[in-house]
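**Student:** could you work out the structure for the sequence below:
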Amino acid sequence: MADLYEFLMDKLQNVKKLAVMGVGSIFMADDGAGIMVVERLKKVFIEDEYPRLRFYIGETAPENFSGEIKRFNPCHLLVIDAADAHEKPGSIMCIEPEIIGGISFSTHLLPLRIMTEYLQRETGMGVTFLGIQHKDVTYGAAVTQEINEAVDEISGIIEKVLRVLCHGMTG
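**Tutor:** Numbering: from 1, shown residues only. Below you'll find the predicted structure:
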(Lines give C-alpha, C1' and ligand atoms only; values in the text may rest on other atoms or scores of the structure.)
Protein backbone atom coordinates (compact mmCIF):
# COMPACT_ATOMS: atom_id res chain seq x y z
CA MET A 1 0.00 0.00 0.00
CA ALA A 2 1.50 3.28 -1.11
CA ASP A 3 0.65 5.51 1.83
CA LEU A 4 -0.97 3.71 4.72
CA TYR A 5 -0.77 6.76 6.97
CA GLU A 6 -2.79 8.95 4.58
CA PHE A 7 -5.25 6.14 3.90
CA LEU A 8 -5.95 5.59 7.61
CA MET A 9 -6.12 9.31 8.38
CA ASP A 10 -8.73 9.68 5.65
CA LYS A 11 -10.68 6.55 6.62
CA LEU A 12 -10.69 7.34 10.35
CA GLN A 13 -10.76 11.15 10.36
CA ASN A 14 -14.14 11.59 12.08
CA VAL A 15 -14.01 8.57 14.38
CA LYS A 16 -14.91 9.29 18.01
CA LYS A 17 -14.59 5.69 19.27
CA LEU A 18 -12.37 3.08 17.65
CA ALA A 19 -11.97 -0.67 18.13
CA VAL A 20 -8.85 -2.33 16.73
CA MET A 21 -8.74 -6.12 16.39
CA GLY A 22 -5.82 -8.37 15.57
CA VAL A 23 -6.72 -11.76 14.18
CA GLY A 24 -4.86 -14.97 13.35
CA SER A 25 -2.90 -17.77 14.94
CA ILE A 26 0.41 -17.14 16.69
CA PHE A 27 1.14 -20.86 16.29
CA MET A 28 1.22 -20.63 12.49
CA ALA A 29 4.25 -18.42 11.80
CA ASP A 30 3.19 -15.35 9.79
CA ASP A 31 -0.52 -15.85 10.50
CA GLY A 32 -0.04 -14.09 13.84
CA ALA A 33 0.86 -10.76 12.18
CA GLY A 34 -2.39 -8.98 13.13
CA ILE A 35 -2.09 -10.12 16.72
CA MET A 36 1.52 -8.91 16.87
CA VAL A 37 0.47 -5.43 15.68
CA VAL A 38 -2.34 -5.15 18.24
CA GLU A 39 -0.19 -6.43 21.09
CA ARG A 40 2.33 -3.65 20.37
CA LEU A 41 -0.36 -1.00 20.19
CA LYS A 42 -1.96 -2.17 23.46
CA LYS A 43 1.34 -1.49 25.23
CA VAL A 44 1.39 2.10 23.95
CA PHE A 45 -2.29 3.00 24.34
CA ILE A 46 -3.27 1.97 27.86
CA GLU A 47 -7.03 1.51 28.11
CA ASP A 48 -7.42 3.70 31.24
CA GLU A 49 -5.71 6.59 29.45
CA TYR A 50 -7.58 6.14 26.15
CA PRO A 51 -11.20 5.24 27.02
CA ARG A 52 -12.43 5.78 23.45
CA LEU A 53 -9.96 3.28 22.04
CA ARG A 54 -10.11 -0.50 22.54
CA PHE A 55 -7.88 -3.31 21.36
CA TYR A 56 -8.95 -6.91 20.92
CA ILE A 57 -6.83 -10.01 20.32
CA GLY A 58 -9.30 -12.02 18.26
CA GLU A 59 -6.95 -14.92 17.49
CA THR A 60 -8.77 -17.56 15.40
CA ALA A 61 -12.22 -16.82 16.85
CA PRO A 62 -12.73 -13.05 16.56
CA GLU A 63 -16.49 -13.59 16.71
CA ASN A 64 -16.06 -14.31 20.42
CA PHE A 65 -15.54 -10.56 20.90
CA SER A 66 -18.60 -9.41 18.95
CA GLY A 67 -20.65 -8.88 22.13
CA GLU A 68 -17.87 -6.96 23.82
CA ILE A 69 -17.34 -4.81 20.71
CA LYS A 70 -21.09 -4.16 20.50
CA ARG A 71 -21.13 -2.99 24.14
CA PHE A 72 -18.16 -0.69 23.49
CA ASN A 73 -20.15 0.65 20.50
CA PRO A 74 -17.32 2.09 18.39
CA CYS A 75 -17.86 4.23 15.31
CA HIS A 76 -15.31 2.11 13.49
CA LEU A 77 -13.59 -1.28 13.67
CA LEU A 78 -10.09 -1.72 12.26
CA VAL A 79 -9.23 -5.39 11.67
CA ILE A 80 -5.63 -6.43 11.05
CA ASP A 81 -4.87 -9.91 9.81
CA ALA A 82 -2.48 -11.96 7.72
CA ALA A 83 -3.96 -12.64 4.31
CA ASP A 84 -3.22 -14.38 1.06
CA ALA A 85 -3.82 -12.00 -1.80
CA HIS A 86 -0.95 -13.39 -3.88
CA GLU A 87 1.20 -10.34 -3.20
CA LYS A 88 4.83 -10.02 -2.15
CA PRO A 89 5.30 -11.27 1.47
CA GLY A 90 4.99 -8.39 3.91
CA SER A 91 2.82 -6.34 1.52
CA ILE A 92 0.14 -4.33 3.26
CA MET A 93 -3.26 -4.01 1.69
CA CYS A 94 -6.60 -2.48 2.49
CA ILE A 95 -9.34 -4.95 1.80
CA GLU A 96 -12.78 -3.51 1.30
CA PRO A 97 -15.43 -5.40 3.33
CA GLU A 98 -17.48 -6.24 0.25
CA ILE A 99 -14.57 -8.11 -1.41
CA ILE A 100 -13.18 -9.82 1.68
CA GLY A 101 -14.60 -13.13 0.48
CA GLY A 102 -12.03 -13.14 -2.35
CA ILE A 103 -9.08 -12.99 0.06
CA SER A 104 -8.00 -16.02 2.05
CA PHE A 105 -8.18 -15.67 5.83
CA SER A 106 -8.01 -19.38 6.41
CA THR A 107 -7.44 -19.84 10.13
CA HIS A 108 -10.72 -18.38 11.39
CA LEU A 109 -13.53 -20.48 12.74
CA LEU A 110 -16.13 -18.09 11.31
CA PRO A 111 -15.43 -15.94 8.22
CA LEU A 112 -14.52 -12.36 9.16
CA ARG A 113 -17.09 -11.03 6.73
CA ILE A 114 -19.95 -12.68 8.66
CA MET A 115 -18.80 -11.21 11.97
CA THR A 116 -18.23 -7.71 10.60
CA GLU A 117 -21.51 -7.64 8.67
CA TYR A 118 -23.30 -8.59 11.88
CA LEU A 119 -21.55 -5.82 13.82
CA GLN A 120 -22.28 -3.28 11.09
CA ARG A 121 -25.98 -4.21 11.09
CA GLU A 122 -26.17 -4.04 14.89
CA THR A 123 -24.18 -0.84 15.45
CA GLY A 124 -23.80 1.00 12.14
CA MET A 125 -20.01 1.08 12.59
CA GLY A 126 -17.60 1.37 9.71
CA VAL A 127 -15.11 -1.42 9.12
CA THR A 128 -11.63 -1.34 7.62
CA PHE A 129 -9.54 -4.45 6.98
CA LEU A 130 -5.77 -4.31 6.74
CA GLY A 131 -4.18 -7.44 5.35
CA ILE A 132 -0.53 -8.41 5.60
CA GLN A 133 0.57 -10.85 2.92
CA HIS A 134 2.00 -13.86 4.70
CA LYS A 135 4.94 -15.92 3.49
CA ASP A 136 4.80 -18.99 5.74
CA VAL A 137 1.85 -20.26 7.75
CA THR A 138 3.38 -23.56 8.78
CA TYR A 139 2.34 -24.71 12.22
CA GLY A 140 5.17 -24.17 14.71
CA ALA A 141 7.41 -22.21 12.32
CA ALA A 142 8.96 -18.87 13.26
CA VAL A 143 7.60 -15.58 11.95
CA THR A 144 9.50 -14.61 8.79
CA GLN A 145 11.67 -11.53 8.47
CA GLU A 146 9.29 -10.00 5.92
CA ILE A 147 6.40 -10.20 8.36
CA ASN A 148 8.43 -8.91 11.31
CA GLU A 149 9.36 -5.89 9.19
CA ALA A 150 5.75 -5.38 8.05
CA VAL A 151 4.54 -5.60 11.67
CA ASP A 152 7.10 -2.95 12.69
CA GLU A 153 5.99 -0.71 9.84
CA ILE A 154 2.24 -1.07 10.38
CA SER A 155 2.53 -0.71 14.16
CA GLY A 156 4.49 2.51 13.77
CA ILE A 157 2.08 3.97 11.23
CA ILE A 158 -1.04 3.08 13.21
CA GLU A 159 0.54 4.50 16.36
CA LYS A 160 1.14 7.82 14.56
CA VAL A 161 -2.44 7.86 13.25
CA LEU A 162 -3.90 7.07 16.67
CA ARG A 163 -1.86 9.77 18.38
CA VAL A 164 -3.39 12.33 16.01
CA LEU A 165 -6.89 10.86 16.18
CA CYS A 166 -6.96 10.48 19.97
CA HIS A 167 -6.98 14.28 20.28
CA GLY A 168 -10.27 14.28 18.36
CA MET A 169 -11.86 11.38 20.24
CA THR A 170 -13.85 13.46 22.66
CA GLY A 171 -17.45 13.82 23.66
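**Student:** any buried residues in stretch 21-29, and which?
**Tutor:** 21, 22, 23, 24, 25, 26, 28, 29 (16 or more other CB atoms under 10 Å). For every residue, glycine as well, the C-beta is placed using N, CA and C.
**Student:** output those as TSV; include the columns distance to residue 66.
**Tutor:** Listed next are those as TSV, based on distance: CB to CB, whole Å:
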residue	distance to residue 66
21	10
22	15
23	13
24	17
25	19
26	21
28	23
29	27
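**Student:** farthest pair in the residues you listed?
**Tutor:** 21 and 29 (20.1 Å; CB to CB).
**Student:** ok, residues contacting stretch 131-147?
**Tutor:** 27-34, 36, 80-95, 103, 105-107, 150-151, 154 (CB atoms under 8 Å, 6 or more residues apart in numbering).
**Student:** please apply the same query to stretch 114-125.
**Tutor:** Contacts of stretch 114-125 (CB under 8 Å, 6+ apart): 19, 62-63, 66, 69-70, 73-77, 79, 97, 100, 126-127, 129.
**Student:** give me the mean pLDDT for it.
**Tutor:** Averaged over stretch 114-125, pLDDT sits at 81.
**Student:** ok, residue 95 to residue 23 distance?
**Tutor:** 12 Å (CB to CB, to the nearest Å).
**Student:** give me the element residue 56 is part of.
**Tutor:** Secondary structure assigned from DSSP states H and E places residue 56 in strand 53-59.
**Student:** and the worst-scoring helix or strand of the chain on mean pLDDT with strand 53-59, angle?
**Tutor:** Of the helices and strands making up the chain, the lowest-confidence element is helix 112-123, at a mean of 78, by mean pLDDT, DSSP states H and E. Helix 112-123 and strand 53-59 are oriented at 150 degrees to each other (axes from the mean of the first three to the mean of the last three CA atoms, to 10 degrees).
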